[in-house]
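Engineer: Here is a sequence with its predicted model. Questions after.
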Amino acid sequence: MKFESAIKRSWDNLSGSSISDNNKVKFLDDEYMVNFKLRQVLSLPNNTPVEDHRTVLILHYLLQKITGLPVVSGEYLSFNGLSSINRFADVFKKRSTDVILKRYGNNIFDIFSVLHNLPAQKANRADAAIVIEAFEGVPILIELWKADEEFGPEANILFDKTITKIFCVEDIVVLAEVVARAVSYMNADEIYG
């Protein structure tokens, strides 16, 4: 229910674009069909309807892709560095970095196991790090540090600074959560369902 107005607005915004009836969008390790005529986003190959939070992300991404995606800068910023809107910081931490820490805090190098099932590669940062291609042209960097005598393990999610030209702050929170749960083998629908 909370995503309905965002979905309707997205379809309305796409109606003035040069979109064809069917467009494929790759999101993480899945492919989706965006059917403009039916105003539906379907998960391929089974043509099953997609959850509302994913639909919003896919539609917002597709709208920007049609008008032109920004060139990836390679400069990564933290969530706080992307936005001066601090009211989302706790939600972001709870739904993304805390999820990753819960899964990988005891063995941060286990995160490399996702390289086999997600569009990701190792990054030479922190104690362990990967870059995930959430959408084409939307890299997300996950950094992990192991615990030492003074501090416990830490995790951070960083975004190419161009992400704010594709997604709003609320979308970035949801995107980070979906990525964190995909990396942690947890189902993002647990909190939306």
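Structural biologist: Good, I have the coordinates.

Engineer: just so I have it, where are all the strands in the chain?
Structural biologist: For the chain, the strands defined by DSSP state E occupy 22-27, 30-35, 40-43, 48-49, 76-78, 120-122, 128-135, 138-145, 154-160.

Engineer: mind putting the ones you listed in TSV, mean pLDDT, mean neighbour count and distance to P70 included?
Structural biologist: All C-beta atoms are positioned from the backbone trio N, CA, C, and that covers glycine. Converted to TSV, the strands of the chain look like this (pLDDT from 0 to 100; neighbours: other Cβ atoms under 10 Å; distance: least, Cβ to Cβ, whole Å):
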stretch	mean pLDDT	mean neighbour count	distance to P70
strand 22-27	90	16	17
strand 30-35	93	17	21
strand 40-43	93	18	23
strand 48-49	91	9	30
strand 76-78	94	18	14
strand 120-122	96	16	21
strand 128-135	97	21	12
strand 138-145	97	23	10
strand 154-160	96	22	9
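
Engineer: May I see those strands organised as CSV, with distance to S96 added?
Structural biologist: Output for the strands of the chain, formatted as CSV (distance: least, Cβ to Cβ, whole Å):
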stretch, distance to S96
strand 22-27, 16
strand 30-35, 19
strand 40-43, 22
strand 48-49, 25
strand 76-78, 11
strand 120-122, 15
strand 128-135, 12
strand 138-145, 9
strand 154-160, 5
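
Engineer: So for V174, which of those strands sits nearest?
Structural biologist: Closest to V174 of the strands of the chain is strand 128-135 (Cβ to Cβ; 11.1 Å).

Engineer: outside of stretch 123-135, which residues touch it?
Structural biologist: For stretch 123-135, contacts defined as Cβ atoms under 8 Å, 6 or more residues apart in numbering pick out 25-28, 61, 104, 108-109, 111-112, 114-115, 118-122, 139-146, 156, 175, 178-179, 183.

Engineer: so Y104 sits right up against A155, yeah?
Structural biologist: Yes - here Y104 lies in contact with A155, judged by Cβ atoms under 8 Å, at a distance of 7.2 Å.
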